[in-house]
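Visitor: 3D, please:
(2 chains)
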There are 2 protein chains.
Amino acid sequence: MRILVQKFGGTSVADLECQKRVREKVLAALNHGYKVVVVLSARAGETNRLLALAEEWSKTPDLAERDSLVSIGEQVSITLFAMLLKDAGVKARSVLAFQIPLVTGNEYGEARIQSINSDWLHAELEKYEVLVVAGFQGITDDGKITTLGRGGSDTSAVALAAVLHAEQCEIYTDVDGVYTTDPRVCSQARKMRTIAYDEMLEMSSMGAKVLHIRSVEFAKKYKVPVHVRSTFTDDPGTVVTQEDSSMEAVLVSGIAYDRDQARVTMRGVPDQPGVAAAIFGPLSEGGVLVDMIVQNTSRDGITDMTFTVSRKDLAKTLEIMQKVSDGINAREVIHDTNVAKVSAIGVGMRNHSGVAARAFAALQKENINIMMISTSEIKIGILIEEKYVELAVRILHEAFGLDWDMGD
Amino acid sequence: MRILVQKFGGTSVADLECQKRVREKVLAALNHGYKVVVVLSARAGETNRLLALAEEWSKTPDLAERDSLVSIGEQVSITLFAMLLKDAGVKARSVLAFQIPLVTGNEYGEARIQSINSDWLHAELEKYEVLVVAGFQGITDDGKITTLGRGGSDTSAVALAAVLHAEQCEIYTDVDGVYTTDPRVCSQARKMRTIAYDEMLEMSSMGAKVLHIRSVEFAKKYKVPVHVRSTFTDDPGTVVTQEDSSMEAVLVSGIAYDRDQARVTMRGVPDQPGVAAAIFGPLSEGGVLVDMIVQNTSRDGITDMTFTVSRKDLAKTLEIMQKVSDGINAREVIHDTNVAKVSAIGVGMRNHSGVAARAFAALQKENINIMMISTSEIKIGILIEEKYVELAVRILHEAFGLDWDMGD
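Guide: All right, here's what the predicted structure looks like:
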């Protein structure tokens, strides 16, 4: 049995006309001999409408009840779409999470998938040509409805593709693929034919919001090829897959940027064992994700500690840091929101030195000051003044040979 | 454990203000020491909105998919109401049919309840003060969502009260009880304190649309006392219960009427064995419910057969009857929609003769022509010209001592 998973987002299923366009994609897959598992999101605006209803009813809505409430958005999408398929003579049925079951933990609002009964799905695929599965939702061991968090339908689709050993998981969206960088910033941006999971993970977390990051982690773990493509054309998009030798030939695959950065510095910190834990422990407990971290070289037993957080977490971060500062007798806490991060990403840089140096040289040639640097095996992240973001993206895009005129 | 079931309809849960009023009723029951099972309908207009959506998507929507779609109206009501209860410090949770499970057959759109897992409900009632259960919905053996048909939430509530051995099933509605007849037609109508199940069944089927008829059948079968009362007052309403000796003292409990009647006569029917089956068999197969039936005395081996059906079924009935008439060589089929039925109902008439005679005499005194008569143990139904309905109701109400000034 050849199985294809196709996932369509909220704008793709918003109304009858949209759903008819989606039906064409499904019929085409059937014509290619596939059994198809269609995963749908709630119709555009529906989840927000339901969340607003919960807020109207309660300032602090019970999370389990809210999950049960918002999960119905997907139920509307799948039942309507199953009707459309049947009208076209297709043997199809809608599938809710509890029917499979698709079991999650009880982290309401951001539940994690624990297991999917693939035997049940395979048995249903014997009976039906198409299963129309509700994305975004799960069910706990004791039968309560959960949701997987924003963008969770991507994760549903990839997880289903994994347990069903589907040939591919197609993610239909309103962009036509993954680009070497943001085309709005850099006219030289090119659509990639393929991208490695690790590169996509770095792209996602940097704000290239094509795929939900957890879905990429899932795809990587279970080696599911994910094809990101447009609902509105038949052109191939970008396939996210395992890295292969041809990828390594390319040093850097893409340039990402992220404006959602705030820099916090604690100055005059006594440089003694345990001080880093004293700072970052409370932040972690407070649910603040820290991105870049730099510790200055110590002078006279005193150092500075600088890190970046998401701007929405800045107020909470400063509150926590003030307490920590008082506790460890640091001198002061200062901050700056006038910053942004640009990153060069590529599995190819693993085997090559000098990538960082090339990036720094390119930026310095344009007098862009480098405020912080963080590196991983496949990524170099550079914090700069926010006003230079677009320029820095274009400079790095050219410096690493990603511009159109330089090939592939 | 003292258990009370409280059911609230669509107008009672329509918006936040309404639901706060409902919460007061639930809090009052908690203060009386009950564990409470609240059964809710979809918010007013919601089920119709969802049905319209299904119609927009498909001219002949798949029934299983449509049931899954329309069932979400109740899911919205119960999750929001559970939030409200929790905000008031009440330990509560919402409950969907699949979670219990409340199992039905697969007659989508009008499914019948087969079993309810009361062990699960009792265990949840140990953990929670209030369970907020979705009315109207069920689940098949193989996990597909069903609905119980219009007014099905009443049936859900009574069935839950039955399996939980609840002290009472309160049905909150926008009327304050069951009346001896329609107060809009007869100013002398009085609210009954009690009414027997059998009387209520006759009242329901005659168009006194306070309770869904299947819920009354359920209540009778399992001896569940049903208290019909108003969401908008604290006054006691009408308790539907087993008949007791005090009821028998009253000859007639109520007068009902039904304008939804069409009379069909097949004239010149050969009076031979099997002719009734030849006529009513095809109607039954065609899904037509026949109400009153009269066969005239045969003359020269020829007779007339007259019966009534719901007006919406008239066209189908005439189509079927024309075929039957051709088959058995009857003379002609005629019909009349200018008719209505008035009925006197009371368990007391079982032990008394002369009730029919008193009704006929009262009508004839006012020159109201009696077109057909049907009697059961506790009911006399009389077909008359439609224009006399209101007058006939008032005459019978007075004739059987139901007017205010004659005491109760």
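Visitor: all helices for chain A, in order.
Guide: For chain A, the helices defined by DSSP state H occupy A:16-31, A:46-57, A:63-70, A:72-87, A:118-127, A:152-164, A:197-205, A:213-222, A:245-248, A:275-285, A:314-328, A:355-365, A:389-399.
Visitor: Dump these into CSV; add mean pLDDT, mean neighbour count and distance to chain B as well.
Guide: From N, CA and C alone the C-beta is placed, and that goes for glycine too. Output for the helices of chain A, formatted as CSV (pLDDT from 0 to 100; neighbours: other Cβ atoms under 10 Å in any protein chain shown; distance: least, Cβ to the nearest Cβ, whole Å):
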stretch, mean pLDDT, mean neighbour count, distance to chain B
helix A:16-31, 97, 16, 6
helix A:46-57, 95, 16, 5
helix A:63-70, 97, 25, 4
helix A:72-87, 98, 25, 4
helix A:118-127, 98, 14, 9
helix A:152-164, 96, 27, 18
helix A:197-205, 83, 24, 31
helix A:213-222, 90, 20, 25
helix A:245-248, 65, 12, 44
helix A:275-285, 88, 15, 26
helix A:314-328, 93, 16, 25
helix A:355-365, 89, 16, 51
helix A:389-399, 95, 20, 42
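Visitor: now the ones you listed in a markdown table, with distance to B:Glu285?
Guide: Below are those laid out as a markdown table (distance: least, Cβ to Cβ, whole Å):
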| stretch | distance to B:Glu285 |
| --- | --- |
| helix A:16-31 | 36 |
| helix A:46-57 | 43 |
| helix A:63-70 | 42 |
| helix A:72-87 | 27 |
| helix A:118-127 | 30 |
| helix A:152-164 | 45 |
| helix A:197-205 | 61 |
| helix A:213-222 | 53 |
| helix A:245-248 | 69 |
| helix A:275-285 | 71 |
| helix A:314-328 | 71 |
| helix A:355-365 | 80 |
| helix A:389-399 | 74 |
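Visitor: how about those helices, which one is nearest B:Leu80?
Guide: Proximity to B:Leu80, assessed across the helices of chain A by Cβ to Cβ, is greatest for helix A:46-57 (4.7 Å).
Visitor: which other residues reach the closest one?
Guide: A:10, A:61, A:65-66, A:69-70, A:72-73, A:76, A:136, B:16, B:19, B:76, B:79-80, B:83-84 (Cβ atoms under 8 Å, 6 or more residues apart in numbering or on different chains).
Visitor: Can you check what angle separates that helix from helix B:16-31?
Guide: When axes from the mean of the first three to the mean of the last three Cα atoms, to 10 degrees is applied, the directions of helix A:46-57 and helix B:16-31 differ by 60 degrees.
Visitor: As PDB, could you dump the C-alpha coordinates of helix A:46-57?
Guide: Extracted as PDB, the C-alpha positions of helix A:46-57 are listed here (Å, rounded to 0.1, in the frame of the first residue of the first chain):
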ATOM      1  CA  GLU A  46     -11.800  29.700  13.700                       C
ATOM      2  CA  THR A  47      -9.300  28.800  16.400                       C
ATOM      3  CA  ASN A  48      -9.000  32.500  17.300                       C
ATOM      4  CA  ARG A  49     -12.800  32.800  17.400                       C
ATOM      5  CA  LEU A  50     -13.000  29.900  19.800                       C
ATOM      6  CA  LEU A  51     -10.100  31.200  22.000                       C
ATOM      7  CA  ALA A  52     -11.900  34.600  22.200                       C
ATOM      8  CA  LEU A  53     -15.100  32.800  23.300                       C
ATOM      9  CA  ALA A  54     -13.100  31.100  26.100                       C
ATOM     10  CA  GLU A  55     -11.600  34.400  27.100                       C
ATOM     11  CA  GLU A  56     -15.100  36.000  27.200                       C
ATOM     12  CA  TRP A  57     -16.400  33.200  29.500                       C
END
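Visitor: ok now do whichever residue of the stretch 101-250 of chain A sits closest to chain B, which residues does it touch?
Guide: Residue of the stretch 101-250 of chain A nearest chain B, by Cβ to the nearest Cβ: A:Gly143 (4.8 Å). Shown in contact with A:Gly143 (Cβ under 8 Å, 6+ apart): A:98, B:98-99.
Visitor: Got a quick PyMOL command for the buried subset of those?
Guide: Isolation of the buried members of these (16 or more other Cβ atoms under 10 Å in any protein chain shown) is achieved in PyMOL through the command below:
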select buried, (chain A and resi 98) or (chain B and resi 98+99)
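Visitor: In TSV: the contacts of A:Gly143, plus pLDDT and distance to B:His122.
Guide: Output for those, formatted as TSV (pLDDT from 0 to 100; distance: Cβ to Cβ, whole Å):
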residue	pLDDT	distance to B:His122
A:Phe98	98	22
B:Phe98	98	18
B:Gln99	98	14
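Visitor: For A:Thr337, list the residues it contacts.
Guide: A:261-263, A:311, A:314.
Visitor: ugh, wrong one, I meant A:Gly149
Guide: Taking Cβ under 8 Å, 6+ apart as the test, what A:Gly149 contacts is A:109-111, A:214.
Visitor: Same check on A:Lys35?
Guide: A:1-4, A:125, A:129-130.
Visitor: Let me know how buried A:Val185 is, in neighbour terms.
Guide: Neighbour count of A:Val185, defined by other Cβ atoms under 10 Å in any protein chain shown: 17.
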